[in-house]
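**Q** Sequence and predicted structure are below.
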Amino acid sequence: MAFGGVIPFYSKRSGSWTFRRVFRSREKVLIFLVCLTFMFICIGPIFYLPDLRGGLSTKVDHVYKVYKQMQKAGPELILPPPPPESGEVGAVRKHEGVHHNLVNGEDVHLSDDKQRLMDKVNNDEELRNMRVIEKPVVITVSSTAANKPHEPQGQVDESIRIVADKEQNEIELDKKVGLGGQDKSDEPVVQGGEDADPVARQRREKVREMVLHAWRGYKTYAWGKNELRPVSKRGHTAGIFGREDMGATIVDALDTLYIMGCMEEYNEGHAWVQYNLDFNQLRSEMSVFETNIRFVGGLLSVYALTGDMLFRDRALHIARKLLPAFDTPTGIPYALINVANGIAKNYAWASGGSSILSEFGTLHLEFVYLSDISGDPIFREKVMRIRDVIRKTDRPGGLYPNYMNPKTGKWGQRHTSVGALGDSFYEYLLKAYIQSGGKDEVAKEMYEEAIGVITNRLVLKSHTGLTYLAESKFDRLEHKMDHLACFAGGMYALGAKSINNQVSTTHLEIAEGLANTCHESYARTPTGLGPESFRFTEGIEARALKSSEKYYILRPEVIESWFYMWRYTKDPKYREWAWNAVLALEKYCRTEAGYSGIQNVYMENPQKDDVQQSFVFAETFKYLYLIFSDDSLMSLDEWVFNTEAHPLPIAGKNSFYRKVQAMYGAAAGESLPWWRILLFSSILMLCVIKAHFELEE
Ligand code: DMJ
C-alpha cells in the first residue's frame with residue numbers, strides 16, 4: 001500500500017488527496033511522530049524491555065567481543081585452516097558417552113577457526129599480563145584504609161560487561177560499610193556485630209584467628225589452586241572443580257573474610273578475582289551444582305555485601321557458562337558441563353543417567369537473584385522450568401526420589417534422603433520462599449508438602465529417645481543419618497520461624513531433637529568430631545558402623561544447625577557445643593599450614609586426609625563466627641544463606657538486594673510482555689492519525 005493511502009496529503013492544485021513532494025509543517029510533524037513511534041516500537045524494546053535487555057545486549061556484547069578478537073587475530077585467520085588432526089582440541093567435537101547433541105555435526109573448519117581464535121585470545125598480550133599475578137597482590141594500605149574494601153568497580157571487564165541500570169548502580173555504589181558497623185542506620189549490619197558477652201567475644205576472636213591461619217597457609221602454598229593440601233603443603237583440586245586452577249578457596253572465602261573484617265585478605269582475594277578468575281580458561285568438566293553454590297553463590301554474596309560490580313559481572317559470566325547444561329528435553333540440567341564446548345552429561349553412576357535432586361534442585365536462590373540484579377530473565381526461567389517439571393510429576397508415596405531422568409522427566413530409583421543426594425533441594429524450597437520476602441507462595445506450598453511427608457515418614461526416635469532422620473529405599477527404611485542431613489535441624493527451625501502455622505511448634509521440637517542427635521554423634525567420639533554417617537540399630541545409636549563412614553572432612557552441617565538453634569532459642573548449650581567443636585578442630589585438624597580433615601573420628605590419633613576443603617571458609621568458620629556474634633550481624637530477617645552459607649539478601653527486607661529497576665512499571669527481573677508495549681505504541685500511533693484527521697476536518 002502506498003504511503004499516501006495511509007496518511008492523507010493536502011494538494012494545492014486539485015484540493016483532493018494526492019501524492020506530492022512538499023508537505024505542510026503540520027504534516028511534517030505528523031510524519032515525524034509516526035516515524036518516531038515506529039522507531040520506538042522497533043528499537044525501544046532492545047534497550048528497555050527486561051525481556052530483552054539481558055538477552056540482546058549480551059548478544060551485542062558477544063558480537064563486539066568476537067569483532068575485537070578478529071581485529072587482533074589478524075590475517076592468519078584468512079588463510080585456509082590446516083586439516084584437523086585427530087585428538088587435536090576442536091577437531092573432535094563429540095564426547096564419548098555424552099548424548100547431549102550440542103555440537104554434533106558442526107563444521108570442522110569452523111571448529112578449527114574457533115580454536116585458533118581461542119588460542120589467539122589466550123595469547124593475547126593484555127590477557128597474558130593479567131595472568132602473571134601468581135601470588136597475591138598484597139595491597140599496602142594505611143591502618144584506616146586497611147579496613148576498607150576495594151572501592152566498588154564500574155564496568156571492569158568489557159568482555160563480560162552487561163548493561164546495568166545506571167541510576168540504580170549510582171545509588172548502590174554509594175553504599176559503603178566500614179569495619180565495626182555501618183554508616184547508615186537502615187542498612188544491614190554486615191561487619192562488626194560484637195556480642196555483649198566477653199567470653200563470646202574472645203571465642204569469636206579465636207575463630208577469626210583460625211580463618212587467618214587457614215588463609216595464610218592457602219596463600220603461601222596453594223594460591224590460585226582450588227584447595228590446599230595442608231599437610232603436604234601444595235595445591236589440590238577435586239573433580240567437581242575441573243582440572244584447572246580456578247581459585248575455589250578464594251571465591252568461597254571472600255564473603256567470610258569481608259564479614260569478619262579481614263580486609264587485607266579480602267583485598268588479596270578481590271585482586272585475584274579481578275585479574276585471574278576467568279572461566280574462558282577452563283577445558284575440563286565441572287559440576288554445575290558446585291559451581292553454582294560455591295562460585296556463583298560466593299560472588300553474588302560479595303556483590304550484595306559490597307555493591308562491587310566486579311562480582312556481579314563475574315557471577316553472570318560464570319552462570320552463563322552453565323546454561324548449555326539446561327538444554328535437555330525437560331529443562332532439568334545435566335550434572336557436569338565442559339564450559340569450553342558446552343557439552344554436558346550426567347554421572348554414569350546416577351540411576352540410569354539421571355540428574356540428582358539435590359543438584360538440579362539447588363539452583364533457585366542464585367538464579368533468581370542473578371535475574372533480579374541483571375534484568376536478564378533467563379536464569380529465573382531456567383529454575384522455574386525445573387520447578388514446574390518436578391511439581392507436575394507424581395511422587396511415589398508423596399516422597400521426592402533422589403533421581404530424575406532429564407530426557408524423560410521420570411523419577412529414577414526410589415531412594416529418598418534428606419542427606420546426600422536430596423538435602424539442599426528441601427532447603428531451597430523453604431529458602432526460595434524466604435528470599436522472595438514471603439511472595440513465592442508456590443515454594444512455600446512445596447516446602448510444606450514435602451516436609452510434611454518427611455516428618456510423617458522419615459523422622460523417627462531411637463529407643464533412648466534420640467530424634468533422627470531415616471532414609472527410604474524402595475519403601476524400606478534405612479536407619480542411617482548422614483552428617484549432611486544434620487543441616488535439617490537448622491532447616492526445621494528456620495521453617496518454623498518463617499512459616500507460622502499449626503506445625504511450627506512441632507517443627508521447632510524436631511529441630512531441637514535433630515541438633516541434639518547430631519551433637520551426640522560428635523560427643524560419642526574420642527575426637528569430639530562427628531562421622532560422615534551414623535546409624536541407629538538395636539545395639540548402637542548415633543555411631544558409624546562401617547569404616548567408610550568414619551571420616552570427618554571439616555563439614556559444617558552440625559555447626560550450622562547449632563547456629564540456627566542459638567539464634568532462635570538463645571540456649572547457651574549451643575554456644576558451648578560450638579566452642580567444643582573449635583577445640584576439637586584445633587586439636588585434631590590444625591596443621592602448620594591450615595586445617596585438614598581426619599580419616600577416623602573414633603581414633604585417639606587420627607590420620608589427616610590432607611585436604612582443606614574450600615567450604616571450611618564459606619561455611620564452617622562462618623557459622624562458628626556468627627554463633628559468637630550478636631544477632632544483628634547477618635540478621636536472619638535480612639539475609640538467607642545459600643547451601644554453601646553464602647548470604648543472599650531477602651527481597652523487600654534488605655536494602656542490599658540491589659535489584660535492577662525495570663522500566664514501564666515491570667518489577668525488576670520480571671518479564672514485561674511484548675504485547676503490552678506493542679499495544680501501547682499502536683494506540684499512540686492511532687491517536688496521532690485520528691488527531692490529524694480531526695484537525696483537517
Ligand atoms: C557444601 O558444599 C554444601 O553445604 C552442600 O550443600 C553440601 N555439603 C557441602 C559441605 O559439607
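**A** Looks like it arrived, so ask away.
**Q** Could you use CA atoms for every contact and neighbour count after this?
**A** Will do.
**Q** Confidence-wise, which helix or strand of this protein is lowest on average?
**A** In the chain, the helix or strand scored least confidently by mean pLDDT, DSSP states H and E is helix 166-173, which has a mean of 34.
**Q** can you list contacts of the helix or strand that that one is followed by?
**A** As assigned by DSSP states H and E, the chain's next helix or strand after helix 166-173 is helix 198-222. The contact list for helix 198-222, computed with Cα atoms under 8 Å, 6 or more residues apart in numbering, reads 135-136, 194-195, 227-230, 233-236, 260, 265, 579, 582, 592-595, 617, 621, 624-625, 628-629.
**Q** try 6 Å this time
**A** With contact meaning Cα atoms under 6 Å, 6 or more residues apart in numbering, helix 198-222 is reached by Asp195, Leu228, Lys233, Arg234, Gly235, Ala593, Gly594, Tyr625, Phe628.
**Q** out of the residues you listed, who's nearest the ligand?
**A** Nearest to the ligand among the contacts of helix 198-222, counting by Cα to the nearest ligand atom, is Leu228 at 15.9 Å.
**Q** Indicate whether the one helix or strand Gly495 maps to makes contact with the ligand.
**A** Under the criterion of DSSP H and E, Gly495 resides in helix 487-498. No: applying Cα under 6 Å from any ligand atom, one finds helix 487-498 separated from the ligand by no less than 8.3 Å.
**Q** Can you give the distance from that helix to the centre of its chain?
**A** Here helix 487-498 is found 21 Å from its chain centre; the criterion is Cα atoms, centre = their mean, to the nearest Å.
**Q** tell me which parts of the stretch 351-500 of the chain are close to the ligand?
**A** Ser424.
**Q** Packing partners of the helix holding Gly495?
**A** helix 504-523, helix 557-569 (3 or more Cα pairs under 6 Å, 6 or more residues apart in numbering; DSSP states H and E).
**Q** Number of residues surrounding the residue in the stretch 401-550 of the chain that the ligand sits nearest to?
**A** Residue of the stretch 401-550 of the chain nearest the ligand, by Cα to the nearest ligand atom: Ser424 (5.6 Å). Applying other Cα atoms under 10 Å, we find 28 residues neighbouring Ser424.
**Q** Distance of the closest residue in space to it that isn't next to it in sequence relative to Leu554?
**A** Excluding the flanking residues, the one nearest Ser424 by Cα to Cα, 6 or more residues apart in numbering is Ser358, at 5.3 Å. Ser358 is 20 Å from Leu554, where distance means Cα to Cα, to the nearest Å.
**Q** dump the residue contacts of the residue nearest to the spatial centre of the chain.
**A** In the chain, the C-alpha nearest the mean C-alpha coordinate belongs to Gly297, at 3.1 Å (Cα atoms, centre = their mean). Taking Cα under 6 Å, 6+ apart, we find Gly297 in contact with Glu366.
**Q** If we use 10 Å, what do you get?
**A** By Cα atoms under 10 Å, 6 or more residues apart in numbering, the contact set of Gly297 is 251-252, 290-291, 303, 315, 319, 363, 365-367, 369-370, 641-648.
**Q** would you put the C-alpha positions of the helix or strand containing it in CSV?
**A** Assessed by DSSP H and E, Gly297 sits inside helix 297-306. Taking Å, rounded to 0.1, in the frame of the first residue of the first chain, the C-alpha atoms of helix 297-306 are listed here in CSV:
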residue,chain,number,x,y,z
GLY,A,297,26.8,-18.0,45.2
GLY,A,298,30.1,-16.8,46.6
LEU,A,299,30.4,-13.9,44.1
LEU,A,300,26.7,-12.9,44.5
SER,A,301,27.1,-12.7,48.2
VAL,A,302,30.1,-10.4,48.0
TYR,A,303,28.3,-8.4,45.4
ALA,A,304,25.3,-8.0,47.7
LEU,A,305,27.6,-7.1,50.6
THR,A,306,29.8,-4.6,48.8
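**Q** so how far is the helix or strand just after that helix from its chain's centroid?
**A** The first helix or strand that comes after helix 297-306 along the chain, using DSSP H and E, is helix 309-322. In terms of Cα atoms, centre = their mean, the centre of helix 309-322 is found 10 Å from the chain centre.
**Q** Next, the angle helix 297-306 makes with helix 309-322.
**A** Going by axes from the mean of the first three to the mean of the last three Cα atoms, to 10 degrees, helix 309-322 is angled at 150 degrees with respect to helix 297-306.
**Q** neighbouring strands for the helix or strand immediately after helix 309-322 in the chain, and are they parallel or not?
**A** Once helix 309-322 ends, the next helix or strand along the chain (criterion: DSSP H and E) is strand 336-338. If you go by DSSP bridges, strand 336-338 pairs up with strand 285-287 (antiparallel), strand 343-345 (antiparallel).
**Q** Export those to a markdown table and append columns for distance to the ligand and mean pLDDT.
**A** Conversion of the strands paired with strand 336-338 to a markdown table gives the following (distance: least, Cα to the nearest ligand atom, whole Å; pLDDT from 0 to 100):
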| stretch | distance to the ligand | mean pLDDT |
| --- | --- | --- |
| strand 285-287 | 12 | 97 |
| strand 343-345 | 20 | 98 |
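**Q** In which helix or strand does the residue of the stretch 401-550 of the chain closest to the ligand reside?
**A** helix 423-435.
**Q** Which is the succeeding secondary structure element to that helix?
**A** Heading C-terminal from helix 423-435, the first helix or strand you meet, by DSSP H and E, is helix 441-457.
**Q** circling back to that earlier point, most neighbours among the contacts of helix 198-222, which one is it?
**A** Leu228 (32 neighbours).
**Q** you'd agree Lys461 is up against Tyr468?
**A** Yes: if you go by Cα atoms under 10 Å, Lys461 and Tyr468 touch, sitting 6.1 Å apart.
**Q** Is any residue of the helix holding Gly297 near the ligand?
**A** No: with Cα under 6 Å from any ligand atom as the criterion, the ligand is not reached by helix 297-306; the gap is at least 11.0 Å.
**Q** Could you check how far that helix is from the centre of its chain?
**A** 9 Å.
**Q** still on that earlier bit, when Lys461 and Tyr468 are compared, which one has more neighbours?
**A** Using other Cα under 10 Å as the criterion, Lys461 and Tyr468 rank with Tyr468 on top: 30 against 14.
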